[in-house]
Every structure is written in C-alpha cells, then in structure tokens.
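>>> Got a sequence here, can you build the structure:
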Amino acid sequence: MSDDVNLLELPEDFDGVARLFPLPNLVMFPGVMQPLHIFESRYCEMLEDALMSDQLIGMGLLQPGWESDYESRPPVWETLCVGRIVSHSRDENGRFNILLLGLTRARMVRELPPQRAFREAEVQPVSDLYPQAATATRGLLQRELLEVFRRQASPLLAGEQIDQMLASEAPLGILTDIIAYTAGLTLDDKQLLLSEPNVDNRARKLIELVGSWDEPPRRPFPPDVSDN
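Numbering: from 1, shown residues only. As a prediction, the model looks like this:
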C-alpha cells in the first residue's frame with residue numbers, strides 16, 4: 001500500500017467475492033482495528049489464501065441458533081464488514097494472530113457454493129449515506145453524539161482516549177462506527193447499527209442507545225483478542 005488512504009479503501013480490482021469469517025461474538029465496523037487469534041484449520045487456510053492475494057476478509061455475525069451447525073454453514077446476517085489484514089504472525093502450531101482493519105460495510109448478495117474449507121460470498125460494498133436535506137443540522141447531531149458519549153464513556157476509556165476521540169475531525173459516519181464498536185452495546189444493537197447506511201439515522205440510534213445506560217457496560221479498550 002502506498003499510503004494510509006489506500007490502506008482504508010478496497011482495492012480497485014476487488015471482484016466482489018469475499019472470504020467469510022463468521023463469528024458468534026463479534027460485530028466489526030469500518031475504521032476500527034480488531035486483533036484476532038485464528039486456530040481452526042479452515043480459517044487458517046482462509047488466512048493463507050488472503051495473505052497470498054488481496055488480504056481481505058468479510059467479518060459477519062452468526063445468527064441465533066448457530067451452535068447446532070457451527071462446523072457447517074450456519075446463517076450469517078446479511079450486512080457484514082470487509083476488512084484488510086494489516087499485520088500478522090504465525091506460531092509454531094500454525095495458528096495466526098492478525099490485526100484486521102475494517103474498510104467498508106457490505107451486503108451479502110449470495111453465498112457461493114462450497115469449493116474450499118472456508119466460506120465465500122458475493123458481496124456489494126455499502127457506502128455511508130449523508131442525506132443532503134440534513135446537512136445544516138448534522139454538526140449539531142455530531143456534537144450531541146460526542147457529548148452523550150463523553151458523559152457515559154468515562155468508565156470505559158481513559159480520559160486522554162476520550163479527548164482524542166472528541167477532538168477528531170473525522171466525519172460523523174466514522175465517529176458513529178468507532179463509538180458503536182467501542183461502547184459496550186449488545187451484539188444485536190451493534191448489528192443494527194452496522195446495518196444502517198444512513199449516517200444521521202445511525203447517529204440518532206446510537207445517541208438513544210448510549211444515552212439510555214443507567215450504568216455503562218464494562219468493555220476493555222483497546223479490545224481483547226477475539227478467538228475463532
């Protein structure tokens with residue numbers, strides 16, 4: 001990659017086919033970094049394939065009831081996050097530790113017939129939607145979101161982490177994704193936010209969710225490593 005801008009974008013020759021890495025306990029968002037420990041043979045094969053080509057993985061959340069069919073192809077929610085492997089290492093047992101950077105939302109058009117040990121799907125990238133009619137009030141919405149998060153996030157983040165986030169000049173869409181990922185929301189709420197391309201609607205829902213906390217959920221930041 002030549003620079004950070006390219007690092008945060010899908011490659012120009014992306015053909016719309018993504019390797020699927022579905023987990024029952026993680027919702028990935030664009031613009032965030034997630035450490036992952038990968039040990040199942042099918043997903044180690046997936047990593048090998050990704051590292052030899054475009055380094056992309058589609059992170060999806062398994063739907064309820066996955067336990068009885070985990071070794072096969074249990075249903076995955078339609079909206080997922082395509083991420084890029086930015087760092088990796090492999091131990092003496094062949095297991096991987098990676099850092100995955102979320103790039104974009106994507107809608108799963110169809111899952112491809114099984115040809116490898118891991119799953120693949122045709123996906124359609126989904127861009128953030130900024131309705132023109134709400135341009136004048138978007139700044140107020142962003143400030144409201146940040147203030148709600150400041151009030152509620154102190155038990156979750158160190159003061160300097162909050163200050164860095166609040167001082168960021170990132171667009172509202174990126175801020176909503178960072179806050180949704182950082183905050184201790186339920187998996188269902190996170191999936192709901194991931195599935196919403198309209199940035200203003202996403203911010204309002206996030207304000208509602210974070211503002212309703214009686215006591216902020218405890219979630220470490222930076223995040224713990226997620227195992228497959």
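
>>> Does anything pack onto the helix or strand hosting T137? Which helices or strands?
Assigned by DSSP states H and E, T137 belongs to helix 135-153. Contacts defined by 3 or more Cβ pairs under 8 Å, 6 or more residues apart in numbering; DSSP states H and E place helix 135-153 against helix 159-167, helix 172-182, helix 199-211. The way it works is simple: take the backbone N, C-alpha and C, and place the C-beta from them, glycine included.

>>> which helices and strands sit right next to the longest one?
Counting contacts by 3+ Cβ pairs under 8 Å, 6+ apart, helix 199-211 is packed against helix 135-153, helix 172-182, helix 187-194.

>>> For I57, which of those is the nearest?
helix 187-194 (15.4 Å; Cβ to Cβ).

>>> quick one: that closest one to helix 199-211, angle?
Here helix 187-194 runs at an angle of 160 degrees relative to helix 199-211 (axes from the mean of the first three to the mean of the last three Cα atoms, to 10 degrees).

>>> Show me what counts as buried in helix 187-194.
187, 189-194 (16 or more other Cβ atoms under 10 Å).

>>> show me the contacts for R204.
L141 (Cβ atoms under 8 Å, 6 or more residues apart in numbering).

>>> Now with 10 Å, please.
Applying Cβ atoms under 10 Å, 6 or more residues apart in numbering, we find R204 in contact with 141, 144-145, 176, 196, 198.

>>> From the residues you listed, list the buried ones, please.
Among the contacts of R204, those classed as buried by 16+ other Cβ under 10 Å are 141, 145, 176, 196.

>>> Can you check the pLDDT for the last one?
Right, the one you point to is E196. Here the pLDDT value assigned to E196 is 98.

>>> Spatially, what comes nearest to it if we skip its sequence neighbours?
R202 (4.4 Å; Cβ to Cβ, 6 or more residues apart in numbering).

>>> Show me the domain layout of this structure.
Residue ranges for the domains of the chain, per automatic domain parsing: 4-127, 132-211.

>>> Where in the chain is the helix or strand with the lowest mean pLDDT?
Every helix and strand in the chain was compared by mean pLDDT, DSSP states H and E; the lowest is helix 4-7, with a mean of 58.
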